[in-house]
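In: return atomic coordinates for the entry below.
(one chain, ligands or ions: 1)
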Amino acid sequence: MSYGDPSKFVAALYVEEQCYDYSYTREIIKRSSLPVSLVKDHGTPEVDGIYPENLTRGKQSLFLCRNRGRFFKSCPGTREYNCCGYQVLNIGMNCPMDCVYCILQAYLNNPWLSFFVNIEDLFAELDEALQAEPDHVLRVGTGEFTDSLALDRLTGLSRHLIGYICEKENAVLELKTKSAMIDNLCNIDHNGRVIVAWSLNSPVIMGREEIRTATLDERLAAASRCAELGYPIAFHFDPIIWHEGWQDGYRYMIGKIFKAVPKERIVWISLGALRFLPHLKPIAASRFPHSRFFYEEFVEGLDGKSRYFRDQRVEMYKLLVNELNRFISDRTCIYFCMESDVIWQEVFGFTPEEKGGLSNMLDLTWREFHR
Ligand code: SF4
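Out: Now for the predicted structure:
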């Protein structure tokens, strides 16, 4: 069933007092037509209940505030697994959609959605980072602590980011989403420097475990439109979840991709099997008692996260990679998000090290793609 725009779940705006007069804040308030409550500087919105029980209610409150920390950081990958060298642009925390497996439930300790409105500081940090590495293309993504587009109808941030990045020689921005909210990506010059990416899953998982997200058809229709608009497209199959009929579900999803999007427009596809911090399980189990996938057998990985056993991961990856290889263009990079050399070797027959490292593989893919 289609939910539509996830930002319509937001029912109230909270604004940190010192941010109230920012022109960007005013723009969001005007666009949203939602009731506004002021919050003292350094204060927080009031949401009844105790975390994480109040998370569903909290996701209806959008807090416009200052980011007092850094906007721009390297992705917090772990040493034990191959990390892609992504740079995270932290635009806010939490999102109005609600995936059962969402790591943010265990990572955050407050229920509301935060969105940082001091975007001059964000662009100043980006300037600094890009000037520091003029010969290196930075791959920047906003989809680490939130969804890149789920609130975009209200915030309009994508247009500010695209306007900035389209002129930069040494940066590429990846907007990653489970929504179909692409209106702001139309009628704007992106100069081929913005990748629009969708996280996809088997339709059963999307329908059952990803609440208020767009359906597979809606995501692919949005991807198709973005491809027509000249955007490079990416897909992330993450988390791949073992469930009854998973083989058919993932095959079906892959077949649909290549009917919707010309294969030459796809820059990369990542695969990552379900992994989670152990304390996510009780949180998710209490919020979503009907979900069953946390009750499979797991092994603790080198990063302390629970993962499927190696044989099970290899079986799933091999099926997906074989299916992708039926359709894929040779300019598209398929890679694993946070997997060990052993898995790379078993599934792909090589390790990232042999190709100069995963970060280098993606840099080369991008350079070839953008030529
Ligand atoms: S879309 Fe992403 S950020 Fe939002 S709930 Fe799902 S996993 Fe979490």
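In: gap between P45 and the ligand?
Out: Note on P45: its distance to the ligand, by CB to the nearest ligand atom, to the nearest Å, is 19 Å. Where C-beta positions appear, they are placed from N, C-alpha and C, glycine not excepted.
In: surely that residue touches Y14?
Out: Yes - P45 sits in contact with Y14 when judged by CB atoms under 8 Å, with a separation of 4.0 Å.
In: shared neighbours, those two?
Out: With contacts defined as CB atoms under 8 Å, 6 or more residues apart in numbering, the residues adjacent to both P45 and Y14 are S37, V39, S61, F63, W112.
In: how close does the closest residue to the first one other than its chain neighbours get to S114?
Out: It stands for S37. Take S37 and drop its neighbours on the chain: the residue closest to it by CB to CB, 6 or more residues apart in numbering is Y14, 5.2 Å away. According to CB to CB, to the nearest Å, Y14 stands 9 Å off from S114.
In: what's the overlap in contacts for those two?
Out: With contacts defined as CB under 8 Å, 6+ apart, the residues adjacent to both Y14 and S114 are F63.
In: interface residues of the stretch 51-200 of the chain facing the ligand?
Out: C95, M97, D98, C99, C102, L104, T146, D147, K178 (CB under 6 Å from any ligand atom).
In: just the element for the fifth one, please.
Out: Secondary-structure assignment from DSSP states H and E places C102 in no helical or strand segment.
In: follow-up on the earlier one: ok, and the most crowded of the shared contacts of P45 and Y14?
Out: Note: the member of the shared contacts of P45 and Y14 with the most neighbours is F63, at 27 neighbours, neighbours being other CB atoms under 10 Å.
In: contacting residues for the closest residue to that one other than its chain neighbours?
Out: When the adjacent residues along the chain are set aside, F63 lies closest to Y14, with 4.5 Å between them (CB to CB, 6+ apart). With contacts defined as CB under 8 Å, 6+ apart, Y14 is in contact with V36, S37, L38, V39, P45, S61, L62, F63, L64, W112.
In: among those, which are located in strands?
Out: V36, S37, L38, V39, S61, L62, F63, L64 (DSSP state E).
In: just give me the closest of those residues to the ligand.
Out: The shortest approach to the ligand among the ones in strands among the contacts of Y14 belongs to L62, at 13.7 Å (CB to the nearest ligand atom).
In: any idea how many residues pack against that closest one?
Out: With neighbours defined by other CB under 10 Å, the count for L62 comes to 28.
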